[in-house]
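S.K.: Sequence and predicted model, in that order:
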Amino acid sequence: MNRFVRMKELAFLCTVLLIGGFVIGYLTMSEKKPDTLQKPDISEIGSAEELGDSEDLTVDKSGSDRVSPNTKLIFKSIYSECGHTVVERKDVPEEIVGFDEEELAGYYQLWHIERFTKDEVDLVRRIEGICPKHYLLGVQDGYIALYEFSEDGKPVLKEITDTPISILRLNDQQRLRKGILLDNMTEVNQLLEEFGS
């Protein structure tokens, strides 16, 4: 048993010496750590004239495309329900002159920039609705009503006619309750004539 205790003491002493050696070595190395990052001697670097034209060393950001007063803005609204695209060309508002693509995207947040150059910017948006080129005949307060569509694709009441839907055939009444989509005022007037006769 005595021999076993001595072996234990010896193992403990070896462990303490080993750990102590690592600690002492670490502390000594950290105090005498060489300065591995040396500052370069700038006297050895040539002047801008020796390296070549100094203008080549700078980054020119002024050449990137920016909105100018002559830039044309093209707005394309794509309407999902009728499939039409409405295109508007507009002059640049004064407050966005000088904007780059990122700044312009922040200004027109509802639009996606499809193309960006200093001469022309194409902005696109998709709208769930019907474009303003169409008309809708429906029912309002028991009478035939005419609706237009706003730029955001929603129907807006334009006029309530003096024709009650109660005088129409049942099939026509059902069609009007669902809404009849028409492409132009000529079609609207023809259909209103048919309903009136």
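M.R.: Thanks, I have it. Numbers count the residues shown, from 1 in each chain.
S.K.: Identify each buried residue in the lengthiest strand in the chain, please.
M.R.: Scanning the chain for the longest strand, with DSSP state E as the assignment, gives strand 155-164. Of all the residues in strand 155-164, those buried under the rule 16 or more other Cβ atoms under 10 Å are Pro155. In short, each C-beta sits where N, CA and C put it, glycine included.
S.K.: and it, average pLDDT?
M.R.: The pLDDT scores in strand 155-164 average 93.
S.K.: roughly how far apart are Glu193 and Asp162?
M.R.: 14 Å (Cβ to Cβ, to the nearest Å).
S.K.: any weak-confidence spans in the chain?
M.R.: 1-5, 7, 10, 13-14, 16-18, 20-23, 25-63 (pLDDT under 70).
S.K.: Please parse it into its domains.
M.R.: Domain assignment for the chain by automatic domain parsing gives 72-127, 135-196.
S.K.: Note down every partner strand of the longest strand of the chain and its orientation.
M.R.: According to DSSP bridges, strand 155-164 forms sheet pairs with strand 143-149 (antiparallel).
S.K.: contact partners of the partner strand?
M.R.: Residues outside strand 143-149 that contact it (Cβ atoms under 8 Å, 6 or more residues apart in numbering) are 129-139, 155-165, 176, 179, 188, 192, 195.
S.K.: now swap in stretch 82-92 and tell me
M.R.: For stretch 82-92, using Cβ under 8 Å, 6+ apart, the contacting residues are 67-79, 130-134, 151, 181.
S.K.: Return the members of these classed as buried.
M.R.: The neighbour count (16+ other Cβ under 10 Å) marks Val67, Thr71, Leu73, Phe75, Lys76, Ser77, Tyr79, Ile130, Cys131, Pro132, His134, Leu181 as buried among the contacts of stretch 82-92.
S.K.: residues contacting the residue nearest the centre of the chain?
M.R.: Geometric centre of the chain, nearest residue: His112, 5.7 Å, by Cα atoms, centre = their mean. His112 makes contacts with Leu123, Val124, Arg125, as judged by Cβ under 8 Å, 6+ apart.
S.K.: Which one of these sits in the busiest neighbourhood?
M.R.: Leu123 (21 neighbours; other Cβ atoms under 10 Å).
S.K.: That one pairs with what?
M.R.: Phe75, Ile113.
S.K.: Distance-wise, check it relative to Lys72.
M.R.: With Cβ to Cβ as the criterion, Leu123 and Lys72 are 11 Å apart.
S.K.: one step back: reformat the domains of the chain as a markdown table; add distance to Arg6.
M.R.: Formatted as a markdown table, those follow (distance: least, Cβ to Cβ, whole Å):
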| stretch | distance to Arg6 |
| --- | --- |
| domain 72-127 | 77 |
| domain 135-196 | 92 |
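S.K.: of the ones you listed, which approaches Ile19 most closely?
M.R.: domain 72-127 (57.6 Å; Cβ to Cβ).
S.K.: Looking at the buried ones among the contacts of stretch 82-92, which two lie furthest apart in space?
M.R.: Greatest spatial distance among those (Cβ to Cβ): Val67 and Leu181, at 38.0 Å.
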